[in-house]
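Chemist: predicted model, plus sequence, below.
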Amino acid sequence: MGNRKGCEKMQIIITDSYEEMSMAAAKIAAGQIYFKPSSVLGLATGSTPLLMYKKLVEIYKNIDIDFSHIISFNLDEYIGLAQNNQQSYYYFMQENFFRHININIDNIHIPNGMAEDITKECADYDNMIKAAGGIDLQILGIGQNAHIGFNEPDIKFEATTHAVELDNDTIAANARFFADEKDVPRRAISMGIKTIMLAKKVVLLANGSNKAEAVYKAVCGKITPAAPASILQLHRDVMMIVDRKASALLPKELCN
Ligand SMILES: O=P(O)(O)OC[C@H]1O[C@](O)(CO)[C@@H](O)[C@@H]1O
């Protein structure tokens, strides 16, 4: 593993494996929580951060990290899935992370995809993030079309938390978690790009060759709503932790 400065001030860490990527991210999260136990974390779902959560739980057990004052805000949730639906992101977070640590359930925030008034739910979500003092550390995955959260291509960069229509590509990519592609919800609530960009630190994870193009667009591409992750080039403290396959299209001088 090695550190390289990316385009502009983006920090790029390229790892040899998914496991190494996950451990590197888990250590950063653990350090944040250990030294600021009242941290506000922005958390991601999807398959990418799964092993990071597992590693973070291992570190938690080893050095007795205290999560009881941590406040968490997840990036997104499907509209129409209840918390106890196994495909909901609420369920994902409980199963893969929250039930293994001593986080206070009252401090967990995930958009409510069953809210009667989705517009109000979104506005309330942003207000809660503000009231918590903003996000200290935001973990991100990236979609094959360079979406972050559920901010699909051609999103407005100034959007805060809002309801989104999912792209056909995203629906197809996420169908693997559902019995049938037609079961994948077509809408979701997502933190907006502005919400994400206001986080003090952003760590984006990507692994596998199917993410190489998206990683290239995020790091070196033109800053454009057509590739939502490209806006991260304007963030003052962003770290990309990517495995070798996901880094394949990056310029050689960025790769160790
Ligand atoms: O990690 P995965 O499963 O490849 O998903 C990538 C991205 O897609 C989403 O799951 C939404 O489709 C994001 O939350 C995630 O960052």
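Modeler: Perfect, thanks for sending it. Numbering: from 1, shown residues only.
Chemist: give me the below-cutoff pLDDT ranges for this structure.
Modeler: Across the chain, the ranges flagged by pLDDT under 70 are 1-8, 255-256.
Chemist: ranges for the helices of it?
Modeler: 18-35, 50-63, 89-96, 118-131, 168-174, 193-197, 212-220 (DSSP state H).
Chemist: residue nearest the centroid of the chain?
Modeler: Leu140 (2.4 Å; C-alpha atoms, centre = their mean).
Chemist: and the closest residue to that one other than its chain neighbours, how many residues sit next to it?
Modeler: Distances taken as C-beta to C-beta, 6 or more residues apart in numbering put Leu204 closest to Leu140, at 4.3 Å, once the chain neighbours are dropped. From N, CA and C alone the C-beta is placed, and that goes for glycine too. Neighbour count of Leu204, defined by other C-beta atoms under 10 Å: 27.
Chemist: so in terms of bridging, what pairs with Leu204?
Modeler: Leu140, Met240 (DSSP bridges).
Chemist: list the contacts of it.
Modeler: With contacts defined as C-beta atoms under 8 Å, 6 or more residues apart in numbering, the neighbours of Leu204 are 139-142, 148, 218, 229, 232, 238-242.
Chemist: just give me the closest of those residues to the ligand.
Modeler: Gly141 (2.6 Å; C-beta to the nearest ligand atom).
Chemist: quick check: closest non-adjacent residue to the closest one.
Modeler: Thr48 (4.0 Å).
Chemist: residues near the one you found, how many?
Modeler: 24.
Chemist: for it, give its distance to Leu204.
Modeler: Thr48 sits 9 Å away from Leu204, going by C-beta to C-beta, to the nearest Å.
Chemist: quickly list what's touching both of those two.
Modeler: Joint contacts of Thr48 and Leu204 (C-beta under 8 Å, 6+ apart) are 141-142.
Chemist: list, one by one, the residues from the stretch 51-200 of the chain near the ligand.
Modeler: Proximity of the stretch 51-200 of the chain to the ligand, by C-beta under 6 Å from any ligand atom, involves residues 75-76, 141-143, 150, 170, 174.
Chemist: looks like Ile233 contacts Val219 (just checking).
Modeler: Ile isn't right for residue 233; it's Gln. Yes. Using C-beta atoms under 8 Å, Gln233 is in contact with Val219, at 7.5 Å.
Chemist: compare the two and say which one has the larger neighbour count.
Modeler: Using other C-beta under 10 Å, the more surrounded residue of Gln233 and Val219 is Val219, with 25 against 18.
Chemist: what's the burial count for Asn96?
Modeler: With other C-beta under 10 Å as criterion, Asn96 counts 17.
Chemist: begin at 55 from now on, thanks
Modeler: OK, 55 is where the count begins now, so the last one is Asn150.
Chemist: contacting residues for the nearest residue to it once chain neighbours are set aside?
Modeler: Distances taken as C-beta to C-beta, 6+ apart place Tyr107 nearest to Asn150, at 5.0 Å, with adjacent residues excluded. Shown in contact with Tyr107 (C-beta under 8 Å, 6+ apart): 80, 150-151.
Chemist: ok, now Ala83?
Modeler: 95, 106, 110, 191, 193, 257.
Chemist: how near is the first one to Ile247?
Modeler: The gap separating Leu95 from Ile247 is 19 Å, by C-beta to C-beta.
Chemist: same check on the second one?
Modeler: Here the criterion is C-beta to C-beta. By it, Met106 lies 22 Å from Ile247.
Chemist: so if I had to pick from those two, which one is more boxed in?
Modeler: Met106 (27 against 23).
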